[in-house]
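Q: just need the structure, nothing else, for what follows:
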Amino acid sequence: MTPLTETVLFVFSLVALGYLAGLTGYLKPVSGEGISGFAINVAMPLLLFQTMVKADFHGVTPWSLWGAYFAAAAITWTAGHLVMTRLFERDARAGIVGGVSSAYSNVVLLGAPFVLGIFGASGFEVLSLLVSVHLPIMMMTSIVLFEMFGRGSGETVHPLRVVKSFLRRLFINPLIIGILAGLAWRLTGAPMPNLVERLVDTLAGTAGPVALFAMGLSLRRFGISGNIRPALALSVLKLFLMPALVLAFVWLLGLPPLTAKVAVVVAALPSGINSYLIAVQFNTGQALASNQMTLATASAVVTTSFWLTVVIHVFG
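A: From the prediction side, this is the model:
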């Protein structure tokens, strides 16, 4: 077994262990919520804080990286929307759920530990640049679309309400707080006290395995219930179309090899819980989002290995 294959299996084995813990009743659903809360609200923000303080971003081209990734995300989102509204003849709100499910990668619970395991700290620095804008861009898009389609056809879109909703959600997000706090500390140039550094390093070190285990518990909680054909169609878009587009864009733009590899791998990740939460907010497509997330995550054991092989062959 190659080290790359072993790392992929290790990552998804932690997800499987979390799923089995929920399936057998060893851990209750409330435990899953608590573990996920710790991963997202404590461990991951501290890992991002640590990265922002210590990272060396030399050689990374953020504008080209962001352009390549989000151009692919926009195309895939549009494709997901059209698949739902034209192929499966669903309404516009279900189309939004389809779009976000096709384009919203699980960059936190799965992406962070996966990239750390495959590419190490240097790869995580690239991922951090994506995380810093991924949340705001995808959040803003979701809020705007919710304002347009989720409040009834008789209501108009109020730009000020959109901006206020976006800013409120953005600046109370623990991940954004972790990034901004790390950048602020970095700008001061002050050394981190030993006690603070030990606390941050210890808690940040738990982020990867805890996040993966929590994700497995979440998958058990949501499960699969109908809408199999549209969920499979959206999973194909997420796991194949989006990484293929990112691969084409990073190659055309000539991004550095590590940056290009991380971008493609992140694009190849399955959808995360945000697509389900948006469906809940719209009060439509909950089963679709849940099924797509579960099917895509199960399939990603194979598809991420495929895309890792591709990027290593293309970029070395």
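
Q: regarding Ala190, what is its secondary structure?
A: coil (DSSP: H, G, I helix; E, B strand; the rest coil).

Q: pLDDT score for it?
A: Note for Ala190: predicted pLDDT of 87.

Q: for it, phi and psi?
A: phi -80, psi 140 (degrees, to the nearest 10).

Q: how far away is it from Ala184?
A: Distance, Ala190 to Ala184, using C-beta to C-beta, to the nearest Å: 10 Å. Every residue, glycine included, has its C-beta placed from N, CA and C.

Q: the more surrounded of these two?
A: Taking neighbours as other C-beta atoms under 10 Å, Ala190 and Ala184 compare with Ala184 leading, 12 against 9.

Q: secondary structure element holding Ile312?
A: Counting by DSSP states H and E, the element that carries Ile312 is helix 286-315.

Q: what angle do the longest helix seen in the chain and helix 286-315 make?
A: Counting by DSSP state H, the longest helix found in the chain is helix 111-149. Angle, helix 111-149 to helix 286-315, by axes from the mean of the first three to the mean of the last three C-alpha atoms, to 10 degrees: 130 degrees.

Q: kindly export stretch 271-289 (C-alpha atoms) in PDB.
A: The C-alpha trace of stretch 271-289 is given here as PDB (Å, rounded to 0.1, in the frame of the first residue of the first chain):
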ATOM      1  CA  SER A 271     -20.500  18.700  -0.300                       C
ATOM      2  CA  GLY A 272     -20.700  19.600   3.400                       C
ATOM      3  CA  ILE A 273     -23.500  20.200   5.800                       C
ATOM      4  CA  ASN A 274     -23.900  23.800   4.600                       C
ATOM      5  CA  SER A 275     -25.900  22.600   1.600                       C
ATOM      6  CA  TYR A 276     -28.300  20.900   4.000                       C
ATOM      7  CA  LEU A 277     -28.600  23.900   6.200                       C
ATOM      8  CA  ILE A 278     -29.500  26.100   3.300                       C
ATOM      9  CA  ALA A 279     -32.100  23.600   2.200                       C
ATOM     10  CA  VAL A 280     -33.600  23.800   5.800                       C
ATOM     11  CA  GLN A 281     -33.600  27.600   5.600                       C
ATOM     12  CA  PHE A 282     -35.500  27.500   2.300                       C
ATOM     13  CA  ASN A 283     -37.700  24.800   3.700                       C
ATOM     14  CA  THR A 284     -37.300  22.800   0.400                       C
ATOM     15  CA  GLY A 285     -34.900  20.100  -0.800                       C
ATOM     16  CA  GLN A 286     -33.800  18.900   2.700                       C
ATOM     17  CA  ALA A 287     -33.900  15.200   1.600                       C
ATOM     18  CA  LEU A 288     -32.100  16.000  -1.600                       C
ATOM     19  CA  ALA A 289     -29.300  17.900   0.100                       C
END
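
Q: in the stretch 1-150 of the chain, which spans are strands?
A: Counting by DSSP state E, counting those that start in this stretch, one finds no strands in the stretch 1-150 of the chain.
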